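1. Structural data only, the sequence is not supplied:
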């Protein structure tokens, strides 16, 4: 559970404007702190508040040796970035290394001081240059203008899922040029962007931005008409009828009877209008690396129940949960959590007839895959849906850069892929990183719209019904418009 909703945390988002960087014990933070502070306060040529994190930046040096670091990636999820020495990395157990890769794959920025390679899981990613506008040390940009695109960044990046890994000099950031340090600060800002935009959801009704229930506004006009009808029925109409039949004494029981009928009518209307079943809606984007069997998922989840759920919400230990609904963030309401078997949000998180919304992240090992084979006789490609959910539409690019597509493939079924006659220009930005930094409530639709633009050889994007890589959270709830976008990385065509 992301406690940053209730107190200051390292996301640079709700409750704080700071940026927090974890540094391994072998590295010195004084020079890092001094140079980064000068950059963010506008005392260098590269300072530009529109690109960098707002507020103070803090480099927090770990008191633990690297071999004692946590093996759960959630231990690092509160940091906007991690800088670890290459020697410290070598001393880490494999479980700790895997946790750092999962932190990066889930949207984090992992910098390795003195490292020239990115080993381990997700390390098959090819390095790329930053494609953000920056200012060379000898150049100045006119006020109100952006730097030209040809001034490309100077840091090598390894994009891992939704995040990235960055090789740095042996002394960390101390010997970086202003341009390189500016690039690194922007990467930290990208990591904190989803939480920096927290106000996007809280300034208005989250249910309007990510609907899980119908209108939650109180029907004032209908209630006023009902009250007026009740007053007329229990008062003048009742008295007129009883006076006509000379039974005024019956007021003693007709008034309670009319009140009871009115209450019963309101209860029946509410019951038939909404029923007793809870509803959930989850939209998730998954980065699935089939070569390493690693899957990173970001999701927006909404829940609505006519009655307060007795069992609350349940999530795995590997899932990060950030409440963003007004109900979840109300300090006046008691909240209870049970961690015996899972992350069990027992009470206070969902109230009756009040939509509750959460941002979710997780990274884990998964065996699901899209099996793509080539028929030796005809040369046609076919796909077997092994993602665990029905595919509405899938786009696949083979090793030669040809784009194929198919629609409506049930789970476990096989379908032929059709070659698209032409393909639009390739997406020129880190696709998954862009989705991560944007508003998650729209990420699946953005992935679907950009699917044929964003693929590179041996990659696919599948739009599925349901969320096979994210648990439902609320048991026995009816899924409402839940769907996923699975961005898959393959090592090539599967063997026949």
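-> Arrived safely, thanks for sending. The model shown is predicted, which means the values in this text are computed figures rather than measured ones.
2. drop to CA atoms for contacts and neighbour counts, all remaining ones
-> OK.
3. Tell me where the model's unsure across the stretch 351-496 of the chain.
-> Filtered on pLDDT under 70, the stretch 351-496 of the chain yields the residue ranges 422-423, 425-429, 496.
4. same thing but at 80, please
-> Applying pLDDT under 80 to the stretch 351-496 of the chain flags residues 421-430, 495-496.
5. Now do the strands in it.
-> 356-365, 369-374, 381-386, 391-397, 403-409, 414-416, 418-419, 459-465, 478-479, 483-489 (DSSP state E, counting those that start in this stretch).
6. again with the stretch 201-350 of the chain
-> Secondary structure of the stretch 201-350 of the chain by DSSP E, counting those that start in this stretch: the strands cover 279-289, 294-304, 313-315, 319-323, 336-338, 343-347.
7. Make JSON lines from those strands and add distance to residue 26, mean neighbour count and mean pLDDT to it.
-> Shown next, in JSON lines, are the strands of the stretch 201-350 of the chain (distance: least, C-alpha to C-alpha, whole Å; neighbours: other C-alpha atoms under 10 Å; pLDDT from 0 to 100):
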{"stretch": "strand 279-289", "distance to residue 26": "32", "mean neighbour count": "26", "mean pLDDT": "94"}
{"stretch": "strand 294-304", "distance to residue 26": "29", "mean neighbour count": "26", "mean pLDDT": "94"}
{"stretch": "strand 313-315", "distance to residue 26": "36", "mean neighbour count": "20", "mean pLDDT": "93"}
{"stretch": "strand 319-323", "distance to residue 26": "29", "mean neighbour count": "21", "mean pLDDT": "92"}
{"stretch": "strand 336-338", "distance to residue 26": "37", "mean neighbour count": "13", "mean pLDDT": "88"}
{"stretch": "strand 343-347", "distance to residue 26": "34", "mean neighbour count": "20", "mean pLDDT": "90"}
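8. Of all these, which one is nearest residue 62?
-> Closest approach to residue 62 among these (C-alpha to C-alpha): strand 319-323, 22.2 Å.
9. mind listing what that closest one pairs with, with the direction of each?
-> If you go by DSSP bridges, strand 319-323 pairs up with strand 356-365 (antiparallel).
10. which residues touch the strand it pairs with?
-> With contact meaning C-alpha atoms under 8 Å, 6 or more residues apart in numbering, strand 356-365 is reached by 102-103, 105-106, 206-207, 293-304, 318-328, 349-350, 440, 470.
11. switch to 7 Å and redo it
-> Contacts to strand 356-365, defined as C-alpha atoms under 7 Å, 6 or more residues apart in numbering, come from residues 102, 106, 293-304, 318-325, 327-328, 350.
12. returning to what we had before: do you know which of the strands of the stretch 351-496 of the chain lies nearest residue 283?
-> Residue 283 sits nearest to strand 483-489 of all these, at 5.2 Å, using C-alpha to C-alpha.
13. Other residues contacting that closest one?
-> Strand 483-489 is contacted from outside by 282-290, 444, 447, 458-467, using C-alpha under 7 Å, 6+ apart.
14. quick one, helices of the stretch 1-150 of the chain?
-> With DSSP state H, counting those that start in this stretch, the ranges of helices along the stretch 1-150 of the chain come out as 30-40, 86-91, 94-105.
15. Mean neighbour count, the strands of the stretch 351-496 of the chain: which tops it?
-> Of all the strands of the stretch 351-496 of the chain, strand 483-489 has the most neighbours on average by mean count of other C-alpha atoms under 10 Å, namely a mean of 26.
16. That one relative to strand 294-304, how many degrees between them?
-> 170 degrees (axes from the mean of the first three to the mean of the last three C-alpha atoms, to 10 degrees).
17. who's in contact with the closest residue in space to residue 99 that isn't next to it in sequence?
-> Leaving out its chain neighbours, the residue that sits closest to residue 99 by C-alpha to C-alpha, 6 or more residues apart in numbering is residue 73, at 4.3 Å. By C-alpha under 7 Å, 6+ apart, residue 73 lies in contact with 99-100, 102-103.
18. wait, which of those residues is closest to residue 189?
-> When the contacts of residue 73 are ranked by distance to residue 189 (C-alpha to C-alpha), residue 103 comes first, at 15.4 Å.
19. That closest one against residue 77, yeah?
-> Yes - when contacts are counted by C-alpha atoms under 7 Å, residue 103 is listed as touching residue 77 (6.5 Å).
20. So which of those two has more stuff around it?
-> The neighbour comparison of residue 103 against residue 77 (other C-alpha atoms under 10 Å) goes to residue 103, with 31 against 23.
21. need the contact list for that one.
-> Shown in contact with residue 103 (C-alpha under 7 Å, 6+ apart): 73, 76-77.
22. measure it to residue 211 for me?
-> Using C-alpha to C-alpha, to the nearest Å, one gets 29 Å for the distance from residue 103 to residue 211.
23. same question, residue 99
-> 34 Å.
24. residue ranges with poor pLDDT in the stretch 101-250 of the chain?
-> Counting by pLDDT under 80, the stretch 101-250 of the chain contains low-confidence ranges at 115-157, 171-179, 195-207, 213-223.
25. 90 - rerun?
-> Applying pLDDT under 90 to the stretch 101-250 of the chain flags residues 101, 112-161, 164-250.
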